[in-house]
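Colleague: Pasted the sequence and its predicted model underneath.
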Amino acid sequence: MMAEEDSAQEKTEEPTEKKLEKSREEGQLPRSKDLATSIVLITSALSVIIFGPAMVLKITQVAKFNFQFDRQAAIDQNLMLAHFNQSAIEGFVSVIPLYITLLIAAVVGPIMVSGWNFSIKSITPKFSKMNPFSGLKKMVSSHALVELLKAWAKVIVVGIGSILVIISQFNDIRWIVREDIFQGMEHATSILFWAIFFISCSTLVIAAIDVPFQIYSHNKKMKMTLQEIKDEYKNTEGKPEVKARIRQLQREVSQRQMMSQVPDADVIITNPDHFAVALKYTPNEMPAPILLGKGTDLVADKLKEIAREYKIPIVQSPPLARSIYHFTEIGQEIPEGLYMAVAQILAYIFQLNQYQKGYAAKPGDLPDFDIPDDLRYDL
């Protein structure tokens, strides 16, 4: 029995849209720190290779400007301050391309896996994270083991990459000792920058493994149990008893609105015991009779009670009452196939009113109504 309960609580179901949306709001998205680090490292190396010569030239010019000055500049504080300000500005301008490139890389790297997402909750301090016992628990978790293995993998991959770079550049490195100092420094700098670039590229191996792992880990974390889905549905849609109460209140409101319109009806057609429908027809205003109200049993009795109170004619026609009840909604026109039957009833009521006023002879009994088969509803 316990095994069945545990199995039922396994997170085997795909996350709902509500949980995924909540996860985004809380900043819980799959992110690869290794991919972001690789992007920043590679961008840094490329930026130094591209902008490095111009930066070195500018820094060299600044150095010459500061070391080549006359005696007056050495003893004049204002000239020294002017030298410092100019040097600082030129030095800062020389590294602006590098800083802008690194800023773009630092922004693009983290959002390459799951896109851009800003969440206040993810940056809100949580005192629970300051609990040392929770920290110790995380140190011996499976996540900590994975991070340890990744760290060792980084050392191995970067180490292998470094060895391969040294082997590929070995002859150039040996040739440096035969060059003059300026040419040798330029050559050594070029070798160093390209070595950094290729070693940075080696970290993509770890990123290529980490990205699928982070996506898999996040999806696994987002999965839900059947009970969680049921609870979420209850919280979203409401508990069954609450929903039933809401539907009951809606029916009561709808019935009150319906009953308020019934006094305007021209005729009540009954089953006579179980069904009752209230119709209204104004020839110059309506293309067809409209259903003002309908009901069964107690509601039908209430409709007949209102009809007697407001002296609305009540006509017994079980087939027609059932057809109108089942094929017409409140506020809608009756089906075209029932026009003739309702017209006969309205004509009968008109003749009856004329008879009661002494203007016409007493009408005969109502004829049997011809109701189309597709509109007939037999119990």
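Modeller: That came through fine.
Colleague: any low-confidence regions in the stretch 101-250 of the chain?
Modeller: Applying pLDDT under 70 to the stretch 101-250 of the chain picks out residues 115, 117-143, 236-242.
Colleague: Please look at P263 and Y310 and confirm they touch.
Modeller: Yes - P263 is in contact with Y310 according to Cβ atoms under 8 Å; the separation is 4.7 Å. C-beta coordinates here come from the backbone N, C-alpha and C atoms, glycine included.
Colleague: separation between the closest residue to E13 other than its chain neighbours and E232?
Modeller: Nearest residue to E13, sequence neighbours excluded (Cβ to Cβ, 6 or more residues apart in numbering): M224, at 4.9 Å. Per Cβ to Cβ, to the nearest Å, M224 is found 8 Å from E232.
Colleague: which residues do these two both contact?
Modeller: T16, K19 (Cβ atoms under 8 Å, 6 or more residues apart in numbering).
Colleague: those strands in this protein, which residues are they?
Modeller: Ranges of strands in the chain, per DSSP state E, are 267-270, 275-280, 290-296, 314-316.
Colleague: Would you mind saying which of the ones you listed lies nearest I176?
Modeller: Comparing the strands of the chain against I176 with Cβ to Cβ, the closest turns out to be strand 290-296 (99.2 Å).
Colleague: Return the set of buried residues in the closest one.
Modeller: For strand 290-296, the neighbour count (16 or more other Cβ atoms under 10 Å) marks I290, L291, L292, G293, K294, G295 as buried.
Colleague: any residues touching it, and which ones?
Modeller: Outside strand 290-296, the residues touching it (Cβ under 8 Å, 6+ apart) are 255, 258-259, 261-262, 264-265, 274-281, 302-303, 324-325, 328-334.
Colleague: So which of these are in helices?
Modeller: Mapping these onto helices (DSSP state H) picks out Q255, M258, M259, Q261, K302, L303, I324, Y325.
Colleague: Report the buried members of those residues.
Modeller: Buried positions within the ones in helices among the contacts of strand 290-296, assessed by neighbour count (16+ other Cβ under 10 Å), are M258, M259, Q261, K302, L303, I324, Y325.
Colleague: which residues touch the residue nearest to E13?
Modeller: Contacts of M224 (Cβ under 8 Å, 6+ apart): K11, E13, E14, P15, T16, K19, E232.
Colleague: hmm, which of these are the buried ones?
Modeller: Here, 16+ other Cβ under 10 Å leaves P15, T16, K19, E232 buried among the contacts of M224.
Colleague: okay, these in JSON lines with distance to T270 next?
Modeller: JSON lines is the format used below for the buried ones among the contacts of M224 (distance: Cβ to Cβ, whole Å):
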{"residue": "P15", "distance to T270": "55"}
{"residue": "T16", "distance to T270": "49"}
{"residue": "K19", "distance to T270": "53"}
{"residue": "E232", "distance to T270": "47"}
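Colleague: Looking at these, which one is closest to V157?
Modeller: Using Cβ to Cβ, P15 comes nearest to V157 of those, at 33.3 Å.
Colleague: Starting from K220, give me the distance back to the closest one.
Modeller: P15 is 10 Å from K220, by Cβ to Cβ.
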